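Visitor: please find the sequence and the predicted model below.
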Amino acid sequence: MTDTTDDGDFDLLTVLPKISQLSTVLNRSGLIDRATENAGLSLDRPALGVLVALQTGGGPLRIGEIARRMQVVGPHITRQVNELERRTLVRRVPDPDDRRARLVELTPTGAEAVGRYLQTVLGVLGAALADWSPDDRRTFGRLLDRFATDLTTRLSTLSE
């Protein structure tokens, strides 16, 4: 069996069940479905991912940037954007830095819908962290970001 401890006596084997627990509770809770319903949307998770990427992107984004943020290929995002555009949740606009390129942005309807969706999701997550100190919340956010980034990098190099 592989040694699961590091120099600080941190045992990875104790973390694995917690990762599984989080995955299970997020899937079984129906949180995403409930948030989607509360937002008045009938969208699948990839389409929601596009809306969230646009909401958190700080402005209009290129298809390639949305794909990078969602860690999928561009053609997949193009199909999603086409459907979201048909439903008037997003629109394509000229890229001011490159007139040949187009950016994707939320419409007011799309921004309102993703706002309602995020309000539900963030409300649940915020409630779970309500008794944590501000310092603990910041530390958790920083370490979770680091872990997700490092694990994503490691797994992507393994698949190559």
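Guide: It's in.
Visitor: counting contacts, what elements does the strand or helix carrying residue 104 pack onto?
Guide: Assignment of secondary structure by DSSP states H and E places residue 104 within strand 98-106. Helices and strands touching strand 98-106, by 3 or more CB pairs under 8 Å, 6 or more residues apart in numbering; DSSP states H and E, are helix 45-56, strand 90-95. Backbone N, C-alpha and C define where each C-beta goes, glycine included.
Visitor: next, the angle from it to helix 45-56.
Guide: 110 degrees (axes from the mean of the first three to the mean of the last three CA atoms, to 10 degrees).
Visitor: list the contacts for the residue nearest the centre of the chain?
Guide: What sits nearest the mean C-alpha location of the chain, by CA atoms, centre = their mean, is residue 49, with 5.9 Å. Residues counted as contacts of residue 49 (CB atoms under 8 Å, 6 or more residues apart in numbering) are 70, 80.
Visitor: any idea of the pLDDT on it?
Guide: Residue 49 is assigned 93 on the pLDDT scale.
Visitor: tell me how far it lies from residue 72.
Guide: 8 Å (CB to CB, to the nearest Å).
Visitor: pull out the buried residues from stretch 70-82.
Guide: 70, 77, 80, 81 (16 or more other CB atoms under 10 Å).
Visitor: could you do stretch 20-35 as well?
Guide: Under 16+ other CB under 10 Å, the buried positions of stretch 20-35 are residue 35.
Visitor: contacting residues around that stretch?
Guide: 45, 48, 117, 118, 120, 121, 124.
Visitor: please repeat the previous calculation with a cut-off of 6 Å.
Guide: 117, 120, 121, 124 (CB atoms under 6 Å, 6 or more residues apart in numbering).
Visitor: most neighbours, which of the residues you listed?
Guide: residue 117 (24 neighbours; other CB atoms under 10 Å).
Visitor: so where does that one fall, helix or strand?
Guide: Here residue 117 is assigned to helix 108-128, by DSSP H and E.
Visitor: list the buried residues for that helix?
Guide: 110, 111, 113, 114, 116, 117, 118, 120, 121.
Visitor: kindly reformat those residues as JSON lines containing distance to residue 54.
Guide: Below are those laid out as JSON lines (distance: CB to CB, whole Å):
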{"residue": "110", "distance to residue 54": "7"}
{"residue": "111", "distance to residue 54": "8"}
{"residue": "113", "distance to residue 54": "11"}
{"residue": "114", "distance to residue 54": "7"}
{"residue": "116", "distance to residue 54": "15"}
{"residue": "117", "distance to residue 54": "12"}
{"residue": "118", "distance to residue 54": "12"}
{"residue": "120", "distance to residue 54": "18"}
{"residue": "121", "distance to residue 54": "16"}
